[in-house]
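> next input, structure requested:
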Amino acid sequence: MSESVQNNAPVSLPEVGFLRLSDVLKIIPVAKTAWYQGVKEGRFPSPVKLTKRASGYRAKDIRALIDRLEAGEGA
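You can find the predicted model right below:
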């Protein structure tokens, strides 16, 4: 998982594993509602069910999104 985030410290994106939405939104600065709309439209990656009550996002999917954004391809 990602490193503990305290006092608005930067989030470290792991090579493998999962991120919670709160960590993703510190890396991709959009509102939560905009994120969910992007997931619905297919612009952002879908979450993976980790337990009955918890979901996360694959680190590799977030990396791929960052790469697309840096390449100017949009979300």
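
> middle-most residue in this structure, spatially?
Val24 (3.3 Å; CA atoms, centre = their mean).

> and it, what element?
helix 21-27 (DSSP states H and E).

> for the residue nearest to Gly38 when sequence neighbours are not counted, give me its contacts.
Spatial nearest neighbour of Gly38, excluding adjacent residues (CB to CB, 6 or more residues apart in numbering): Phe44 at 3.7 Å. To be clear about C-beta, it is placed using only N, CA and C from the backbone, and glycine gets the same treatment. Contact partners of Phe44, counting by CB atoms under 8 Å, 6 or more residues apart in numbering, are Ile28, Trp35, Gly38, Leu65, Ala75.

> Phe44 in helix, strand or coil?
Recorded secondary structure, Phe44: coil (DSSP: H, G, I helix; E, B strand; the rest coil).

> any idea how far Lys60 is from it?
14 Å (CB to CB, to the nearest Å).

> just to revisit the earlier point, most surrounded residue in the contacts of Phe44?
Leu65 (20 neighbours; other CB atoms under 10 Å).

> show the backbone phi and psi for it.
phi -60, psi -40 (degrees, to the nearest 10).

> quick one: low-confidence ranges for the protein?
By pLDDT under 70, the weakly predicted segments of the chain are 1-11, 74-75.

> now do the helices in this structure.
Using DSSP state H, the helices found in the chain span residues 21-27, 32-41, 59-70.

> could you say which of those is packed most deeply?
helix 21-27 (a mean of 17; mean count of other CB atoms under 10 Å).

> remind me what that helix packs against, helices and strands.
helix 32-41, strand 55-58, helix 59-70 (3 or more CB pairs under 8 Å, 6 or more residues apart in numbering; DSSP states H and E).

> fine, thanks again, bye for now.
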